[in-house]
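> Dropping the sequence and predicted coords here.
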Amino acid sequence: MSSSVVQSIAFLLGGAGLFLLGMRFMSDGLQTIAGPTLKKLIGKATNHRILGVAVGFGVTCLVQSSAVTMAMVIGFVNAEMMLLQQAIGVIMGANIGTTITGWVLALNIDQYGLPLAGACALVYCFAKKERVKYTALAFLGVGLVFIGLFAMKGALSPFSGNPQLKEFLSVFQVDGMMNILVCVIVGFLLAAIMQSSTASLGVTIALAYQGLIGFETSAALVLGQNIGCTISSLMISIRASRHSKRAAFFHLFFNVFGVIWVTLLFSQCMSFMHWFLNAVFGIVNPDLLREVNGVVTAPYITIAIASFHTLFNLVNAIILLPFVGQITNFLEKMFTHKATKQKIVATKLDFPLIKSPFAAITQSTREMVRMGETIKTMMANLRRCFMKDDDSKRLREQIFADEERLDMVQTEVINFLTELLSTRVSQSIATDAERQLRMSDDLETASDYIAQLLKLDLRMGDHNVTYDETHQQNLLQLHDLTAELVDLVGGLILNSDNQALLLEIRNHGVRITQAVREFRSSHWNHLAEAHDEPLVSTTYTDMLGAYRKIKEHLVATAETIAAPTI
């Protein structure tokens, strides 16, 4: 193998690496600066089919990665934050949105990649404001994408007139169904290995631009790349819920269905594409080669490939959109609930979702809501136990089970958020993660004191002693005050910007403290006049102290939620 061939292979691999790195930088930067917009878009994902497609398109345009969008969708479906029917529309939109990068590559401004990347790298290194810093990172990614594409084109340039290579690549000429399938398989393998349909599209564009493969071959490769990009979402869904598996399978189904009908009608589709390119862009022959300064290239084929990629996904979405309801029913029947022995997990957190910090922190926020709801349930069950409900035995078991589960939830949240913080995240995401770590600790500790209250009540029963009517009513009154505080804090978790609610929580906490002091003082006065069992007295004061501790941790949770962002 000659040194020139080795050098070309090295430049091709280096260009592909820079392209992938650029895509990562661009996606990370855009996710950070577009976080609030992403939150609003995801919130608009309703059962309205067209609106769901628009949301998927918008999110993917913002993050420039259908893989990240799919990770979000699977994570949200797994966490039951998004229904399958909503997810299907978003997935369709994501497939259309990912084609935008192809149009960026079609601008043919590779030569500006280096100055763009250099200037943005300087801004990224020295900028103080986070928004400016991550905007520079996004444009640094764009620059690296163009540098990578330029390097790949340059690496392939010496082979554009190589008869041996052209003879080898003639195997991929799509002059029959078998050759089309071979190209589809090659495209699939390329995208699966690179874990990016956009990066594999860049390689296809580089080959086509140098005239090494024609438009029809490029189109067949693009078909395979659309299937290859589904591998990452299928891998993410392996350990997720059956709902997530349904979403990931639809992503595969969407692309396989499109590839099947386009392959069967390949010659008709190519005829349409030639008409479309001529009518819209005035391109009569996308394979036309031109020689400039001794370099032979196909200047129009990049636009042709980008057009085919977009139209494939757009038409496929239009065909399937009317059948969203039927597809949903089919997927629900295909992935039914099966009772299998699985590792017990307390949360719906998806570790692969960490590649999208915004989606990860949104999912962990949902776990904070669930912790609050569990504590609310524990308080309601505890009151029924105090009232000697007929179902007290089951309720006691449920309270202890919930307390143990919240221990597991805290552990999983800590592991999840610690791993998230170990990656490159924005200051706002890092602040939210640190808040949630404190919140999970306070909420879990509050559940410990609820379980302690139940144990104290059981201790009274074991010794066949009870409180008098006054002490019983005092405890129930204090319990109800604390349960109201749980409701208020749960509302603040859902709406962290509600300053009026925060003030109400603080005032309510003061009322609980005053009630504890009042009940303790009246208890001491009672002891001066009566002779209660020592166990009754110590248990009563212990229960007052437990309610006060629950209050302190709930108020601490509220203060953590409302703490100003640095």
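Thanks, I have the structure now.
> Look at Val465 and give its secondary structure.
coil (DSSP: H, G, I helix; E, B strand; the rest coil).
> Next, work out how far apart the closest residue to Thr411 other than its chain neighbours and Leu494 are.
Spatial nearest neighbour of Thr411, excluding adjacent residues (Cβ to Cβ, 6 or more residues apart in numbering): Ala346 at 8.0 Å. All C-beta atoms are positioned from the backbone trio N, CA, C, and that covers glycine. From Ala346 over to Leu494 the distance is 21 Å, taken as Cβ to Cβ, to the nearest Å.
> what ranges do the strands span in the stretch 201-350 of the chain?
Taking DSSP state E, counting those that start in this stretch, the strands of the stretch 201-350 of the chain run over residues 290-292, 295-297.
> Of Ala346 and Leu494, give the one with the bigger neighbour count.
Applying other Cβ atoms under 10 Å to Ala346 and Leu494 shows that Ala346 carries more neighbours, namely 19 against 13.
> who touches the more buried one in this structure?
Counting by Cβ atoms under 8 Å, 6 or more residues apart in numbering, Ala346 makes contact with 405-406, 408-409, 411-412.
> What of Gly14?
Ala151.
> name the element it belongs to?
helix 3-33 (DSSP states H and E).
> got it, and Ser364?
Per DSSP H and E: helix 357-386 holds Ser364.
> in the helix or strand following that helix, what counts as buried?
The helix or strand immediately downstream of helix 357-386 is helix 392-421, counting by DSSP H and E. The neighbour-count check on helix 392-421 (16 or more other Cβ atoms under 10 Å) flags 392, 395-396, 399, 402-403, 405-406, 409-410, 412-413, 416-417, 420 as buried.
> what's the answer for stretch 530-537, then?
Neighbour-count burial for stretch 530-537 [16+ other Cβ under 10 Å]: 532, 536-537.
> how far does it sit from the chain's center?
56 Å (Cα atoms, centre = their mean, to the nearest Å).
> Likewise for stretch 255-274?
32 Å.
> Output it as PDB, nothing but the C-alphas.
Taking Å, rounded to 0.1, in the frame of the first residue of the first chain, the C-alpha atoms of stretch 255-274 are listed here in PDB:
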ATOM      1  CA  ASN A 255     -37.700   3.900   8.700                       C
ATOM      2  CA  VAL A 256     -38.100   0.200   7.600                       C
ATOM      3  CA  PHE A 257     -41.500   0.900   6.200                       C
ATOM      4  CA  GLY A 258     -40.200   3.900   4.200                       C
ATOM      5  CA  VAL A 259     -37.200   1.900   2.900                       C
ATOM      6  CA  ILE A 260     -39.500  -0.900   1.700                       C
ATOM      7  CA  TRP A 261     -41.800   1.200  -0.300                       C
ATOM      8  CA  VAL A 262     -39.100   3.400  -1.800                       C
ATOM      9  CA  THR A 263     -37.000   0.300  -2.700                       C
ATOM     10  CA  LEU A 264     -40.000  -1.300  -4.400                       C
ATOM     11  CA  LEU A 265     -40.700   1.900  -6.400                       C
ATOM     12  CA  PHE A 266     -37.000   3.000  -6.700                       C
ATOM     13  CA  SER A 267     -37.000   3.800 -10.400                       C
ATOM     14  CA  GLN A 268     -40.200   5.800 -10.100                       C
ATOM     15  CA  CYS A 269     -38.800   7.700  -7.100                       C
ATOM     16  CA  MET A 270     -35.700   8.500  -8.900                       C
ATOM     17  CA  SER A 271     -37.700   9.800 -11.900                       C
ATOM     18  CA  PHE A 272     -39.600  12.000  -9.500                       C
ATOM     19  CA  MET A 273     -36.400  13.300  -7.900                       C
ATOM     20  CA  HIS A 274     -34.900  14.200 -11.300                       C
END
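> and which of the contacts of Ala346 is nearest His523?
Leu406 (30.5 Å; Cβ to Cβ).
> thinking the closest one is in contact with Glu373, fair?
No: assessed by Cβ atoms under 8 Å, Leu406 is found out of contact with Glu373, at 11.0 Å.
> coming back round to it: mind listing what's buried in the helix holding Gly14?
Quick answer for helix 3-33 (16+ other Cβ under 10 Å): 8, 11-12, 15-16, 18-33.
> again with stretch 483-494
483-486, 488-490, 492-493.
> Buried residues in stretch 266-283, which are they?
266, 269-270, 273-274, 277, 283.
> Give me the nearest residue to Asp487, chain neighbours excluded.
In space, Asp487 is closest to Lys376, 6.6 Å off (Cβ to Cβ, 6+ apart).
> My read is that the one you found contacts Val486, right?
Yes: counting by Cβ under 8 Å, Val486 is a contact partner of Lys376 at 5.0 Å.
> quick check: mean pLDDT across the helix holding Gly14?
On average, the pLDDT along helix 3-33 is 81.
> So which of the contacts of Ala346 is the closest to Ile505?
For these, the nearest to Ile505 is Leu406 (20.5 Å; Cβ to Cβ).
> which residues touch the closest one?
Taking Cβ under 8 Å, 6+ apart, one finds 346, 371, 374-375, 443-444, 447 in contact with Leu406.
> Next one: Met378 relative to Arg459, how far apart?
18 Å.
> cool, Gln225 as well?
Where Arg459 is concerned, Gln225 sits at a distance of 67 Å (Cβ to Cβ).
> These two: which has the busier surroundings?
Comparing Gln225 with Arg459 by other Cβ under 10 Å, the one with more neighbours is Gln225, at 28 against 14.
> wait, isn't that one in contact with Ala199?
No: in this structure Gln225 lies outside contact range of Ala199 using Cβ under 8 Å: 9.3 Å.
> Overlap in contacts, the two.
In contact with both Gln225 and Ala199: Ala191, using Cβ under 8 Å, 6+ apart.
> count of neighbours near the residue lying closest to Gly97 once chain neighbours are set aside?
Spatial nearest neighbour of Gly97, chain neighbours left out: Thr60 (2.9 Å); criterion: Cβ to Cβ, 6+ apart. Applying other Cβ under 10 Å, we find 27 residues neighbouring Thr60.
> which two of the buried residues of helix 392-421 lie the greatest distance from each other?
Going by Cβ to Cβ, the pair spanning the buried residues of helix 392-421 furthest: Ser392 and Leu420, at 41.1 Å.
> Sort out which one of the buried residues of helix 392-421 lies nearest Ala206 for me.
Nearest to Ala206 among these, with distances taken as Cβ to Cβ, is Leu420, at 35.2 Å.
> what sits against that closest one?
Here Leu420 is in contact with 354, 357, 360-361, 364, 429, 433 (Cβ under 8 Å, 6+ apart).
> can I get these in TSV with neighbour count?
Below are these laid out as TSV (neighbours: other Cβ atoms under 10 Å):
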residue	neighbour count
Ile354	22
Pro357	24
Ala360	27
Ile361	27
Ser364	24
Ile429	20
Ala433	20
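> what would those look like in a markdown table with distance to Ala87 and pLDDT?
Formatted as a markdown table, the contacts of Leu420 follow (distance: Cβ to Cβ, whole Å; pLDDT from 0 to 100):
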| residue | distance to Ala87 | pLDDT |
| --- | --- | --- |
| Ile354 | 20 | 80 |
| Pro357 | 20 | 81 |
| Ala360 | 18 | 84 |
| Ile361 | 20 | 86 |
| Ser364 | 20 | 89 |
| Ile429 | 23 | 86 |
| Ala433 | 25 | 92 |
